[in-house]
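**Q** model the structure of this input:
(one chain, ligands or ions: 2)
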Amino acid sequence: MNNNNSYKIECVQCKSVFTEEETITRCLKCGQALDIIFDIEKLKKTINIYNLKNTPISAMKYLDFYPLKDRQNIISLDEGATPLVKSKELSKKYGIKNLYIKNEGANPTGVFKDRGSLVEISKAVELGAAGIVVASTGNMAASVSAYSARAGIPCYVLVPDTTPLGKLSQSLAYGGNVIKVRGTYADCVRLSSEMSEKYGYLLAGDYAFRGEGQKSIAYEIIEQLNWNVPDVVLAPVGCGTNLYGIAKGFFEWFQLGLIDKVPRIIGTQPEKADTLCSAFHANEKEHRTIQFPSSLCGAVNIGAPLDDMKLLNIIRDSKGSFEIIDDTSVLESQKDMAMLASVFTEPSGAIPIACLEKLKSKNIISEDDVVVCIATGVGLKDSHSATILFPDFPAVENTIEDITEFLDSGILDLKSDKNNSEILFSTKPSNPDIKKIAEDKFSFDSSKNLKFFKELCEETDLFFERRSEMKKSEFQAILEEVIANSKSSDSEILKIVDVIGTHYFSKKAKAKVIIQFKGEEISAEATGTGSVDAAISAIEKALKQKTEYKINLDNFEVNVQSGGLDASVRVKIKFSDKNNNSVTVIGVSPDLVVASLMAYQKGFVRLFMKKQ
Ligand SMILES: *Cc1c(COP(=O)(O)O)cnc(C)c1O
Ligand SMILES: [Zn+2]
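**A** Ligands and ions are numbered 1, 2, ... in the order given. Next comes the predicted model:
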């Protein structure tokens, strides 16, 4: 027991007790996780119940329940006091009368981890840390960087090199020393521990003191429900530190007599990072390691959770459960939360809501339960994932006529699901086949959009010249492209008839093109740094024979639509001319040169028509 504090640090497995000068991360004997055990009787005497019941919520309000000794040292950014959101529409859709979202994205760095950083970095100051090192999938790095900056302690963060820019930019902005590691989160954990030993830095991360800060989520929920305890609390689980902390918060207040029951705690995970759900249901004590987890829910894409034993134990004590869900359902729920409750969370934060249906069908949750789902982080952190379910169209021209045309085109009503790799056509489809699929899968009304439909059929035919099947995402890309490029198809100004190209490994590429300019056929040859460059140069050369007008390529963006060597590509090109007109067009094809030339043709026609 510490002298002036009522807690001890104990190993979850072998029960050895340590001082915080000895270790605050893992057990020195068996390597397992540590836990902070409070002397409940001693704590009871220090709590000021009047203050607790009569002051507004905030993470700082619960200092009595944190294992901190010196209140001079506290590093706070005013975390906590996040909204508990209730939306009738969301409740209705998910069939739970009292469904709440605890919106942890409203914390200072946009994630619940700030609550843990409050305790952990304050402890680092107490211990006189000269530097801090932390492993992260992104959010921990941002939070620890922010608190270290306030404490004036240098901070080193190790992240996998796949970490989204939104998360990295935060760490960099707070002055964190970011080290991108070619490897997984588990590699970062191992290396941060080695760095801590080698350089004497304090190792921050998913360890016991951080978990103590997470308890304030439980305390705030109780207060926000007018001192009632919900029936069920769900959170996404990566390392398990957050949900363990929340559960511990409920149990401690129960032991202190502040509440009369503990909610059922339910852990939720993506199918592709299911380290604990299977273990839970098989009655095992530890996680099942996944070497290369592959969920798009980056914050919980973790293969070896550090707080597995603690979390599995406490969930069992609470009579709770564990559930998993696929990534596509998570994206759907992410969209529902934003549209029906105006809570924009990153994919991980939508996992609990996405699991509700399964849990209801298994009678683990009932429609009459008071259910709280933790939306762990704000959607801006991983803005790319949030756009996966939405079509991406180029901008309209800057006139009200163009806006009207855009609205009338029905583009905004197109359903979208780029994540879907379902095969739509396994042989070349007939026009009626195309019509049916466009209607059924994308709500595209071909009778209202005859011009688009004709082009859709032509481009689908062109696609099948190269490939023998078409995925849903590919059909959608063509559909979007046809609608988005609609204006240019009116004209026969430029038509690319054919291209013959030659590539070399050691020399420049060559291309010969045949084009029609205002109906007249011309051909030309050119070389270029690559196939696309050579083909476009040849077209420019041919055009030069007939017109002064020329366009410049300002920006060229290539997206591969699906995996594999036969993947189709979607190129997005911005063109401009010397009159400062510009246009962005899209081309889709299994062949990069063809996709680029389709875009060039449309871009040229659009700008040529504009110049008059
Ligand atoms: C860290 C994180 C999680 C996972 O929390 P654990 O404590 O590792 O279980 C979930 N969602 C978001 C947004 C996170 O940043
Ligand atoms: Zn131990």
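
**Q** need the helix or strand of this structure with the lowest average pLDDT.
**A** Every helix and strand of the chain was ranked by mean pLDDT, DSSP states H and E. The lowest is helix 383-387, at a mean of 77.

**Q** after it, next one along is what?
**A** helix 400-408 (DSSP states H and E).

**Q** list every C-alpha atom in that next one, with coordinates, as CSV.
**A** Extracted in CSV, the C-alpha atoms of helix 400-408 (Å, rounded to 0.1, in the frame of the first residue of the first chain):
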residue,chain,number,x,y,z
ILE,A,400,-27.1,27.7,-61.5
GLU,A,401,-28.0,25.8,-64.7
ASP,A,402,-25.3,23.3,-64.0
ILE,A,403,-26.5,22.9,-60.4
THR,A,404,-30.0,22.3,-61.7
GLU,A,405,-28.8,19.8,-64.3
PHE,A,406,-26.8,18.0,-61.5
LEU,A,407,-29.8,17.8,-59.3
ASP,A,408,-32.1,16.6,-62.1
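
**Q** what packs against the helix or strand just after it?
**A** Once the chain leaves helix 400-408, the next helix or strand it forms, by DSSP H and E, is strand 423-425. Counting contacts by 3 or more Cβ pairs under 8 Å, 6 or more residues apart in numbering; DSSP states H and E, strand 423-425 packs against helix 431-442, strand 470-471, helix 472-484. Every residue, glycine included, has its C-beta placed from N, CA and C.

**Q** out of the ones you listed, nearest to ligand 2?
**A** helix 472-484 (49.1 Å; Cβ to the ion).

**Q** now the strands: where do they sit in the stretch 101-250 of the chain?
**A** Secondary structure of the stretch 101-250 of the chain, counting by DSSP state E, counting those that start in this stretch: strands at 132-135, 155-160, 177-181, 202-204, 232-236.

**Q** any chance of those strands in CSV, with distance to ligand 1 too?
**A** Shown next, in CSV, are the strands of the stretch 101-250 of the chain (distance: least, Cβ to the nearest ligand atom, whole Å):
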stretch, distance to ligand 1
strand 132-135, 11
strand 155-160, 12
strand 177-181, 17
strand 202-204, 13
strand 232-236, 4
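
**Q** now those as TSV including distance to Val372, mean pLDDT and mean neighbour count?
**A** TSV is the format used below for those (distance: least, Cβ to Cβ, whole Å; pLDDT from 0 to 100; neighbours: other Cβ atoms under 10 Å):
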stretch	distance to Val372	mean pLDDT	mean neighbour count
strand 132-135	28	96	28
strand 155-160	30	94	25
strand 177-181	34	95	16
strand 202-204	28	97	26
strand 232-236	5	98	28
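
**Q** for those strands, which one sits closest to Tyr504?
**A** Proximity to Tyr504 (Cβ to Cβ) singles out strand 177-181 among these, at 34.9 Å.

**Q** name every strand pairing with the closest one and say which way it goes.
**A** With DSSP bridges as the test, strand 177-181 is paired with strand 155-160 (parallel).

**Q** with just CA atoms, put the partner strand into CSV.
**A** What follows is strand 155-160, C-alpha atoms only, in CSV (Å, rounded to 0.1, in the frame of the first residue of the first chain):
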residue,chain,number,x,y,z
CYS,A,155,7.3,12.3,-26.7
TYR,A,156,8.2,9.5,-29.1
VAL,A,157,5.3,7.7,-30.9
LEU,A,158,5.6,4.4,-32.9
VAL,A,159,2.8,3.8,-35.4
PRO,A,160,2.3,1.3,-38.2
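
**Q** residues touching it, excluding its own?
**A** Residues from elsewhere that reach strand 155-160, judged by Cβ atoms under 8 Å, 6 or more residues apart in numbering: 131-138, 140-141, 144-145, 148-149, 167-168, 171, 174-181, 183-185, 187-188, 191-192, 195, 201.

**Q** show residues contacting the helix or strand containing Ile36.
**A** In this assignment (DSSP H and E), Ile36 forms part of strand 34-38. Residues outside strand 34-38 that contact it (Cβ under 8 Å, 6+ apart): 6-12, 18, 23-27, 65, 67, 207-209, 211-212, 252, 310.

**Q** out of the residues you listed, which touch ligand 2?
**A** Cys11, Cys27 (Cβ under 5 Å from the ion).

**Q** quick one, what contacts Tyr207?
**A** Contacts for Tyr207 (Cβ under 8 Å, 6+ apart) come out as Ile24, Thr25, Arg26, Ala33, Leu34, Glu120, Thr241, Leu306.

**Q** next: Ile259.
**A** The neighbours of Ile259, taking Cβ under 8 Å, 6+ apart as the test, are Ile222, Trp227, Val229, Phe250, Trp253.

**Q** confirm it sits in a helix?
**A** No - Ile259 sits outside any helix when classified using DSSP: H, G, I helix; E, B strand; the rest coil, being coil.

**Q** ok, for the closest residue to ligand 2 within the stretch 151-300 of the chain, nearest residue in space, not its chain neighbours?
**A** Closest residue of the stretch 151-300 of the chain to ligand 2, Cβ to the ion: Ala208 (12.4 Å). Nearest residue to Ala208, sequence neighbours excluded (Cβ to Cβ, 6 or more residues apart in numbering): Leu34, at 4.4 Å.

**Q** picking up where we left off before, I figured the residue of the stretch 151-300 of the chain closest to ligand 2 was touching Ile9, is that so?
**A** Yes - Ala208 is in contact with Ile9 according to Cβ atoms under 8 Å; the separation is 6.6 Å.
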